[in-house]
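In: just to be clear, the model below is a prediction. Sequence and coordinates:
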Amino acid sequence: MLLNWLSRHLAAYLSKQVTQRSIRTSTWEALQNSLKPGDVLLVEGNTRISTAIKYLTQSTWSHAALYLGPDAGLGISSTGEPHVLIEADLEEGIRSLPLSFYRHTHTRICRPVGLSDSDIEKITAYSISRLGHQYDLKNVWDLARYLWPTPPVPSRYRRSLLEMGSGDPTRAICSTFIAEAFQLLRYPILPIMVDGPEYDPDSDWRRQEAFRSRHHSLFAPRDFDASPYFDVIKPTLEQGFDYRQFQWID
């Protein structure tokens with residue numbers, strides 16, 4: 001009971017903003033017009049937990065949301081805007097959001113290639129079935145220690161405090177939910193290549209590669225950016241960028 005209470009308060013602390021906003025690299029209209037159902041929207045993030053995740057993964061990206069579009073049936077916001085994103089939030093668990101929630105944020109679109117309408121329906125159904133599910137909050141302690149390596153408690157208690165949690169900070173990262181959705185389709189993110197005994201790395205001949213999946217809890221937001229199986233979509237270029245029309249101030 002006490003641990004749950006402490007974990008909830010720690011989650012609230014880690015979710016507080018520490019910077020005003022990040023610098024977006026495309027216009028709001030370009031972002032809106034470029035997204036397609038199934039896209040993964042990576043977010044730089046401006047909270048304490050974002051700082052921990054970026055430090056832990058050595059990446060710009062601290063958060064990931066799955067774009068399902070206005071026809072996914074995720075609900076409507078109080079302003080009448082359709083919810084088009086689904087994400088795992090540290091405090092609220094898996095929730096849906098309007099795209100405008102990240103309107104002023106530095107983002108990147110990572111797009112899986114070749115998904116069918118049936119695949120999108122499966123991802124959507126799975127995502128909706130997970131709405132309201134909560135984090136296992138014991139894992140927030142693993143992320144917190146990256147921000148709080150020397151907590152202000154007597155040294156004799158410090159070791160036991162830092163040992164709280166699962167021991168795997170990636171299990172508290174939002175992208176694990178999205179990775180699980182793609183693994184449901186058997187769509188690769190960063191699989192592990194398996195070499196058989198006949199494989200010779202010094203030979204010009206290569207057998208057909210075989211892979212096995214990583215556990216979904218081991219994925220971080222940066223992995224969708226690094227994956228060779230996700231296309232990186234830049235909204236400014238998608239809208240027909242012409243450098244000749246670029247407005248310089250000389």
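Out: Alright, I've got the coordinates. Numbers count the residues shown, from 1 in each chain.
In: next, count neighbours for W61.
Out: 27 (other C-beta atoms under 10 Å). In this view, the C-beta of every residue, glycine as well, is placed from N, C-alpha and C.
In: so where's the chain uncertain?
Out: Scanning the chain for pLDDT under 70 picks out the ranges 1-15, 18-22, 48, 135-174, 194-209, 215-217.
In: for it, which segments count as helices?
Out: 2-14, 28-34, 48-57, 117-130, 140-147, 155-162, 175-184, 222-226, 235-238 (DSSP state H).
In: may I see the buried residues of the longest one?
Out: The neighbour-count check on helix 117-130 (16 or more other C-beta atoms under 10 Å) flags D119, I120, I123, T124, Y126, S127, R130 as buried.
In: relative orientation of it and helix 175-184 in degrees?
Out: Helix 117-130 runs at 140 degrees relative to helix 175-184, counting by axes from the mean of the first three to the mean of the last three C-alpha atoms, to 10 degrees.
In: could you dump helix 117-130 to PDB, C-alpha only?
Out: Provided in PDB are the C-alpha atoms of helix 117-130 (Å, rounded to 0.1, in the frame of the first residue of the first chain):
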ATOM      1  CA  ASP A 117      -6.400  -2.300 -44.100                       C
ATOM      2  CA  SER A 118      -6.800  -5.500 -42.200                       C
ATOM      3  CA  ASP A 119      -3.500  -4.800 -40.400                       C
ATOM      4  CA  ILE A 120      -4.700  -1.300 -39.400                       C
ATOM      5  CA  GLU A 121      -7.900  -2.800 -38.100                       C
ATOM      6  CA  LYS A 122      -6.000  -5.300 -35.900                       C
ATOM      7  CA  ILE A 123      -3.800  -2.600 -34.500                       C
ATOM      8  CA  THR A 124      -6.800  -0.400 -33.800                       C
ATOM      9  CA  ALA A 125      -8.800  -3.100 -32.100                       C
ATOM     10  CA  TYR A 126      -5.800  -4.100 -30.000                       C
ATOM     11  CA  SER A 127      -5.100  -0.500 -29.000                       C
ATOM     12  CA  ILE A 128      -8.700   0.200 -28.000                       C
ATOM     13  CA  SER A 129      -8.800  -3.000 -26.000                       C
ATOM     14  CA  ARG A 130      -5.900  -1.700 -23.900                       C
END
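In: contacting residues for H106?
Out: S22, I23, R24, T25, V43, E44, T60 (C-beta atoms under 8 Å, 6 or more residues apart in numbering).
In: narrow the residues you listed to those that are buried.
Out: Buried among the contacts of H106 by 16+ other C-beta under 10 Å: S22, R24, V43, E44, T60.
In: nearest residue to L41 in space, please, no chain neighbours.
Out: Distances taken as C-beta to C-beta, 6 or more residues apart in numbering place A65 nearest to L41, at 4.7 Å, with adjacent residues excluded.
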